[in-house]
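kindly generate the corresponding structure for this input.
(one chain, ligands or ions: 1)
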Amino acid sequence: MVVVGLTGGIGSGKTTLLKCFESFGVPIYIADKEAKALMNRSKVIQRKLIDIFGDLAYINDELNRPYLASKIFADQSLLAKMNAVVHPKVASHFKSWLKKQEAPYVIKEAAIIFENKLENQYDFIITVVADEDLRIQRVINRDQSSKEKVKSIMKNQLSDEEKIKKSDYVIKNNNLEEAKKQAHKIHKEILLRINA
Ligand code: ATP
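Next up is the predicted model:
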């Protein structure tokens, strides 16, 4: 099965473009969403996270997100510990999900591919880019976030220029209609490349 990675900086439009590929019939997997679901569903993860964060990590079997966020904010090393518990579970969940797919290729959305040097897990990589001022405004509108907060997240991500160099395909999402056209072209090109 051909696995295409879809990435891009905060507010670039990954989720928006992913829905577009879904409308072409491409199965999509959102690693972040599955991680969150597994943290609530898996008793093994629950036990391990309680070992790391204490009993307050869950309230009535629901992950206590604000508590975890405040603990991680105070001690960054907890993030790596949490990832060491959650990431392998998401990886095996993805593997079994993949086995069930029958389409010529699938798309996996992951905000961080290049930053974690995970590019060899993908056959092709699509990066979504958009002008920085547009991205900032979109995130402010979506999350009622502040400009400073969005900028500080951007600072920790690889620049669009670096990502473009490492990508097979780039979608420029300053304008949604234009971006959708690019997505359709890329979809057809991938099908051709894999002889589907
Ligand atoms: P994040 O990295 O924060 O998860 P993302 O890359 O998945 O973000 P989206 O959530 O798809 O980005 O888009 C961010 C916001 O901008 C959303 O509210 C979305 O509806 C809006 N948006 C995306 N693309 C466009 C566009 N071309 N024109 C206007 N608004 C857009």
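
residues in contact with the helix ranked longest in the chain: which ones?
In terms of residue count, the longest helix belonging to the chain (DSSP state H) is helix 77-99. Residues outside helix 77-99 that contact it (CB atoms under 8 Å, 6 or more residues apart in numbering) are 1, 3, 29, 31, 34-35, 38-39, 42, 44-45, 48-49, 52-53, 68, 71-72, 106, 108. (C-beta placed from N, C-alpha, C; glycine too.)

and that helix, what's buried?
For helix 77-99, the neighbour count (16 or more other CB atoms under 10 Å) marks K81, M82, V85, V86, K89, V90, H93, F94 as buried.

about what we covered before: filter the contacts of helix 77-99 down to the buried ones and hand me the ChimeraX line.
This is the ChimeraX syntax for the buried subset of the contacts of helix 77-99, where burial follows 16+ other CB under 10 Å:
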select :3,29,31,34,35,38,39,42,45,48,49,53,68,71,72,106,108
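
sort out for me which of the contacts of helix 77-99 are in helices.
Filtering the contacts of helix 77-99 for membership in helices, criterion DSSP H, returns 31, 34-35, 38-39, 44-45, 48-49, 52-53, 68, 71-72.

nearest to the ligand, out of the residues you listed: which one, please.
When these are compared for distance to the ligand (CB to the nearest ligand atom), A31 wins out at 11.5 Å.

so how many other residues sit close to R142?
Neighbour count of R142, defined by other CB atoms under 10 Å: 10.

could you look up the SS state of the spatially closest residue to it that is not a sequence neighbour?
Spatial nearest neighbour of R142, chain neighbours left out: G11 (7.5 Å); criterion: CB to CB, 6 or more residues apart in numbering. Assigned by DSSP: H, G, I helix; E, B strand; the rest coil, the conformation of G11 is coil.

any idea of the pLDDT on G11?
You'll see G11 listed with a pLDDT of 96.

number of residues surrounding E115?
Neighbour count for E115, taken as other CB under 10 Å: 14.

where does it sit, in terms of helix or strand?
Using DSSP states H and E, E115 is not contained in any helix or strand.

for it, give me its contacts.
Listed by CB under 8 Å, 6+ apart, the contact partners of E115 are Q157, L158.

and it, its phi and psi?
The phi/psi pair for E115 (degrees, to the nearest 10) reads phi -60, psi -30.

for K180, same thing?
phi -60, psi -40.

if I look at the closest residue in space to it that isn't next to it in sequence, how far off is R135?
Distances taken as CB to CB, 6+ apart place C20 nearest to K180, at 5.4 Å, with adjacent residues excluded. Plainly put, C20 is 18 Å away from R135 if you go by CB to CB, to the nearest Å.

looking at those two, which one has more neighbours?
Under the criterion of other CB under 10 Å, the comparison of C20 against R135 puts R135 first, with 23 against 20.

for the residue nearest to the more buried one when sequence neighbours are not counted, what are its contacts?
Of all residues not flanking R135 in the chain, G11 sits nearest, at 3.7 Å (CB to CB, 6+ apart). Residues in contact with G11 (CB under 8 Å, 6+ apart) are A130, L134, R135, I136, R138, V139, R142, V150.
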